[in-house]
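K.L.:
Following is a predicted model, sequence given first.
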Amino acid sequence: MSDNKKVVLTGIKPTGEPHLGNYFGAIKPALELVKDYQARYFIADYHALNGLKDPQLMREYTLSIAAAWLACGLDPAEVIFYRQSQVPEIFELTTFLMAFTAKGLMNRAHAYKAAVDENERGGQNPDHQINMGLFTYPVLMAADILLFDTQLVPVGQDQKQHVEMAADIAQAVNHCYNQSLFVIPQTYIQTEQALVIGLDGRKMSKSYGNIIPLFAPAKQLKKLVNSIVTNSQGVEEKKDPDTCSVFTLYKLFASAQQQGELAREYRAGGMGWGHAKAQLFDVMENALAPLRSKYEELMAKPDEIYQLLDEGRAKIHKIAREKMQILREVVGLAHV
Ligand code: TRP
C-alpha cells in the first residue's frame, strides 16, 4: 500500500441485515476502488446506537455487516477494516468539530428534518423521540471522514448531504487556523446505481420496510421478488420497462444483452408480470448465491470476524492517534 495513494473511506450502520441498497450504494463501488486508493471501511456502530438499543441485535447486525463486506470480497490485507466504536479518537474529534459546526447547519440535515416533519404530521412535539445523537449525526460522520484525510466517500445518494456537511465543517476549521488541517472530502456516487429502489418502488431503506436482504435464502428471495409492486396492466398490454420497479432492479444484475431482450418483451406485449419477475429472480439468484454461501460460512465463525476487526483496529488507531495529536497542538490543547 503506497502512501501517496488517496484515501477512500465509507461506513455502514449495523441497524439491520445487509440489503441490496447497501450492496449497490456502498459495498460494491467501494470494493471497486480498493486497488487505486488506500481504503478504510468500517462499521458505524455508534451511529446505529441512536436508534438501536437492543444489545443482542447490535452484536448480530455488527457481525452480519462485517460478514457481508468480507463475503462480497473485502480483503483485510488490502483494506483497513474496523469498528468505529473501537477508535476513541473519532469521538474526541467529534467534540473538537462541535466547536466549528453551526447549529443551523444541523437544523438543515435531511434526516433530522424528516424526523421533525413526521412528528409534526403526527401532531407530536417536534422534538419527540429525537435524541442528540440523531441531531448531531453529521458531526460524528464528519469525524469519521476527516480524521483519516479522506478524499473520496462512496455512499448512496441519501448520504450526499452529510458528506457536503463534512466538507463545510472541514473548511470552517481550515479557515479558522489558516492551514489545510483537513482534506476536503467528496462524495462518490455511481450514477447508474445512485438509487436502489425497494419492493414498493420507493428508495430501498430499512426505515421503509421495503428491503431485499442481500443474503436472503433462495426461497425467501423468490417470495420477495414476487411481492414487488407492479401496475395492473394485463398480460396482452404493452409495458414500459423504464417505469417498472421489476425492470429497474433487473438492470442492476443483468448483462446489457439480457436487458435488451427483456425490454423488447415488455414493449411487445404478451408478457405478464410473473414472467418478468421470474427473469429477475434468475439473474439475482445467479449473482447472489455464491456470496450467500460465503456469508453463511463466515457467520458460522464469529470469532474470526472479531479477530479481523481487532487487527483493523490496531492499524487504524495508529493513524488516528497521530492525526489527533497534530490537531490538539494546532488549537493549543497540547504542549509543542
Ligand atoms: N451515515 C451513513 C449511512 O447511514 C453511514 C456512515 C457513518 C458513513 N459514517 C460514515 C458513510 C462515514 C460514509 C462515511 O449510510
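P.N.:
Nice, thanks for sending it over.
K.L.:
For the stretch 1-150 of the chain, just list every one of the strands.
P.N.:
Taking DSSP state E, counting those that start in this stretch, the strands of the stretch 1-150 of the chain run over residues 7-12, 38-43, 79-83.
K.L.:
TSV for those, including mean neighbour count and mean pLDDT?
P.N.:
C-beta coordinates here come from the backbone N, C-alpha and C atoms, glycine included. What follows is the strands of the stretch 1-150 of the chain, written out as TSV (neighbours: other CB atoms under 10 Å; pLDDT from 0 to 100):
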stretch	mean neighbour count	mean pLDDT
strand 7-12	24	97
strand 38-43	25	98
strand 79-83	24	98
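K.L.:
so which of the ones you listed gets nearest Ile130?
P.N.:
strand 7-12 (21.7 Å; CB to CB).
K.L.:
Chain neighbours aside, what residue packs nearest to Gly269?
P.N.:
Nearest non-adjacent residue to Gly269, counting by CB to CB, 6 or more residues apart in numbering: Lys238, 4.2 Å away.
K.L.:
doesn't Glu265 make contact with the one you found?
P.N.:
No - the criterion here is CB atoms under 8 Å, and Lys238 misses it with Glu265 at 10.2 Å.
K.L.:
Between those two, which has more neighbouring residues?
P.N.:
The residue with more neighbours, out of Lys238 and Glu265, is Glu265; 15 against 11, by other CB atoms under 10 Å.
K.L.:
Can you list the buried residues in whichever strand or helix holds that one?
P.N.:
According to DSSP states H and E, Glu265 maps onto helix 256-268. By 16 or more other CB atoms under 10 Å, the buried positions in helix 256-268 come out as Gln259, Leu262, Ala263, Tyr266.
K.L.:
show me what contacts the last one?
P.N.:
Listed by CB atoms under 8 Å, 6 or more residues apart in numbering, the contact partners of Tyr266 are Lys238, Lys239, Asp240, Pro241, Cys244, Phe247, Ala276.
K.L.:
about what we covered before: possible to save the strands of the stretch 1-150 of the chain as JSON lines with distance to Met98?
P.N.:
Shown next, in JSON lines, are the strands of the stretch 1-150 of the chain (distance: least, CB to CB, whole Å):
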{"stretch": "strand 7-12", "distance to Met98": "19"}
{"stretch": "strand 38-43", "distance to Met98": "21"}
{"stretch": "strand 79-83", "distance to Met98": "22"}
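K.L.:
what does the average pLDDT come to for stretch 86-100?
P.N.:
Across stretch 86-100, pLDDT averages out at 98.
K.L.:
Stretch 169-187 too?
P.N.:
Averaged over stretch 169-187, pLDDT sits at 98.
K.L.:
Repeat that for stretch 68-77.
P.N.:
What stretch 68-77 shows for mean pLDDT is 98.
K.L.:
Endpoint to endpoint, it covers what distance?
P.N.:
By CA to CA, to the nearest Å, the extent of stretch 68-77 from end to end equals 17 Å.
K.L.:
Now do it: everything it contacts.
P.N.:
Outside stretch 68-77, the residues that touch it by CB under 8 Å, 6+ apart are 12, 18, 22-23, 27-28, 31, 34, 41, 81, 214-215, 291-292, 294-295, 298, 305, 308, 311-312.
K.L.:
out of those residues, which are buried?
P.N.:
Buried members of those, counted by 16+ other CB under 10 Å: 12, 18, 22-23, 27-28, 31, 34, 41, 81, 214-215, 291-292, 294-295, 298, 305, 308, 312.
K.L.:
Does the ligand have contacts with the longest helix along the chain?
P.N.:
Across the chain, the longest stretch assigned as helix under DSSP state H is helix 302-331. No - using CB under 6 Å from any ligand atom, we find that helix 302-331 stays clear of the ligand, coming within 13.1 Å at best.
K.L.:
what helices or strands is that helix leaning on?
P.N.:
strand 38-43, helix 55-71, strand 79-83, helix 88-98 (3 or more CB pairs under 8 Å, 6 or more residues apart in numbering; DSSP states H and E).
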